[in-house]
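Participant: below is the sequence, then the predicted model.
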Amino acid sequence: MKLYSLLTGALFILIITRNLSLEEFGAWSTISSLLSYAAALAVANYWTTRLRARGVEQATATALALSLLLSAPATLAYLAASGRAARAFDIPRDALLLSVAYVPALYAHSALYSSALGSRPLAAAASEAVFETAKLSSAALLSLARGVSLRGALASVLVGYAAQLAALAWLLRGDLRRRPSSDVARRILSLTPAALPSLLPPLIGGLDVPLLSALVSNEAVAYYTVVLPFANAVSYSYFLARGLYPALLAGSGGEGLLEEALRMVALTAVPSAMGVAVAAPFLLYVLRPEYTAAAPVLAAAAVTAAVAAFGAVAVSPMAPDASD
């Protein structure tokens, strides 16, 4: 599924970069960064995967209800801040208003996908196929019809999330027939503070894009973030190892599975990082000739992504005792 996601994602980025100006692409990246802060409370679903993997069937419906409740204040806060954010980051206000619809979608997606990952990994993979296909199809149709604008790029991804949510709801319909449990909700909320420290590094690290947008320009953001699709392709090696998650989360993990996970990552992360680093100027030229200036950044990002993939295995529930 990740290989399919890699191919469709590359085509999607190609359509977006070919249609959006550098300023618009940077604005799109800035909006994506702002949305990650609006969706921060979805960290509660860290425990949804673990509870569902251990047979707590009420976890799915409970997590969905809890996530939608948490999304309400997040949506209102994002909407209230949209006017000031539009001025601070030089983003069209109507584009920010369109992105408000992402907030509840991201919370619902987090709940359902987290549950599927813990109980039915194939359902999670199938939902990703739906997301990628719907997103790419929407962008392609817009490109053929009248070209993709910043609003069109946002709308295309939103169409993908809507399709994925529908697929997850169907695939998890058995779980969703169960009523939410207040006991499970209290358990998720009581465990959530333990996951909060893991939220701080990405939130702090994610400040780079908003700061670059506010202090320099969205064009600078475009050069800074255009390398991410290729770096993420290297990072995808980690998801090969995540196929072992259900066994590990159910308590049957061990050093053998951890060793196998590291071997899976090494098999793809090292050669892909080397390939991306060597071909950086050519890869960026395909997106847009102006982006070749970011080739050194992409080479460094590829190596960093490979190292991060190994680190992610070491600090995640892949570790033998992490599921206790």
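Facilitator: Done, it's in.
Participant: how about the one helix or strand Arg187 maps to: buried residues?
Facilitator: Assigned by DSSP states H and E, Arg187 belongs to helix 182-205. Neighbour counts using 16 or more other C-beta atoms under 10 Å place 184-185, 187-188, 192 of helix 182-205 among the buried residues. For the C-beta atoms, the positions are set from N, CA and C on the backbone; glycine is no exception.
Participant: any idea which helix or strand comes after that helix?
Facilitator: Sequence-wise, the next helix or strand downstream of helix 182-205 (DSSP H and E) is helix 208-215.
Participant: how far out from the middle of the chain is stretch 268-288?
Facilitator: In terms of C-alpha atoms, centre = their mean, to the nearest Å, the centre of stretch 268-288 is set 21 Å apart from its chain centre.
Participant: what's the mean pLDDT across it?
Facilitator: On average, the pLDDT along stretch 268-288 is 90.
Participant: which of the residues in that stretch are buried?
Facilitator: In stretch 268-288, counting by 16+ other C-beta under 10 Å, buried: 268-270, 272-273, 276-277, 279-280, 283-284, 287-288.
Participant: before we move on, what about stretch 98-109?
Facilitator: Within stretch 98-109, the residues that count as buried by 16+ other C-beta under 10 Å are 98-99, 102-109.
Participant: any regions of the stretch 101-250 of the chain where pLDDT drops low?
Facilitator: For the stretch 101-250 of the chain, residues meeting the criterion pLDDT under 70 lie at 240-250.
Participant: among the buried residues of helix 182-205, which two are most distant?
Facilitator: Val184 and Thr192 (12.7 Å; C-beta to C-beta).
Participant: picking that back up, from the buried residues of stretch 268-288, which two are the most distant?
Facilitator: Maximum distance among the buried residues of stretch 268-288 (C-beta to C-beta): 28.4 Å, for Val270 and Arg288.
Participant: how close does the nearest residue to Leu35 once chain neighbours are set aside get to Ser71?
Facilitator: Nearest residue to Leu35 in three dimensions, chain neighbours excluded: Tyr102, at 5.3 Å (C-beta to C-beta, 6 or more residues apart in numbering). For Tyr102, the distance to Ser71 equals 10 Å [C-beta to C-beta, to the nearest Å].
Participant: do the same with Met264
Facilitator: 34 Å.
Participant: who's more crowded, those two?
Facilitator: Using other C-beta atoms under 10 Å as the criterion, Met264 and Ser71 rank with Ser71 on top: 23 against 20.
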